[in-house]
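Trainee: Compute the structure for the input listed below.
(one chain, ligands or ions: 2)
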Amino acid sequence: MDCKLCALPTDAAAWCITSCPGCELPLLLWNEHASEPSRTQRREMRDALRDYGNTHYGRGNFLIDRFPVEYPDHFHWHCRPNLNPQLVEERALAHGRQPAQDGS
Ligand SMILES: [Zn+2]
Ligand SMILES: [Zn+2]
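Mentor: Ligands and ions are numbered 1, 2, ... in the order given. All right, here's what the predicted structure looks like:
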């Protein structure tokens, strides 16, 4: 069976951060199909994905989604923007402006 994650270009490293072929969000991809990283590797991977999220979405404004919904056989994590409406509102207030009303 073809695996979309295996089809992604990778370098020689054990894992990389790329974008998801399904939803185009940042994806931490473990390069080997049907195998799992060690505890130490997971820690490294988590730190790297956190750094990525902090740069890409703003500090703490993202979450690491470890549930392999799209590709259950291939180890990966998504980095999703944090869209909790309450948090978005709090951030807007913290920056001294009202949350957007209707976009007009
Ligand atoms: Zn695969
Ligand atoms: Zn995805």
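
Trainee: ranges for the strands of this protein?
Mentor: 15-19, 26-30, 62-65, 76-81 (DSSP state E).

Trainee: how about residue 70, what does it touch?
Mentor: With contact taken as Cβ atoms under 8 Å, 6 or more residues apart in numbering, residue 70 is in contact with 20, 22-23. Any C-beta I mention is one placed from the backbone N, CA and C, and that applies to glycine too.

Trainee: per-residue pLDDT, it?
Mentor: The score at residue 70 is 86. That number is its pLDDT.

Trainee: swap in residue 100?
Mentor: pLDDT, read off for residue 100, is 54.

Trainee: hey, what's the residue nearest the centre of the chain bridged with?
Mentor: Taking Cα atoms, centre = their mean, the centroid of the chain lies closest to residue 79, which sits 1.3 Å from it. Beta-bridge pairing for residue 79 (DSSP bridges): residue 64.

Trainee: So it versus residue 60, what's the distance?
Mentor: According to Cβ to Cβ, to the nearest Å, residue 79 stands 12 Å off from residue 60.

Trainee: Same check on residue 27?
Mentor: 20 Å.

Trainee: These two: who's more crowded?
Mentor: Neighbour count, other Cβ atoms under 10 Å: between residue 27 and residue 60, residue 27 has more, with 23 against 12.

Trainee: Who are the contact partners of that one?
Mentor: Residue 27 is in contact with 17-20, 76-79, counting by Cβ under 8 Å, 6+ apart.
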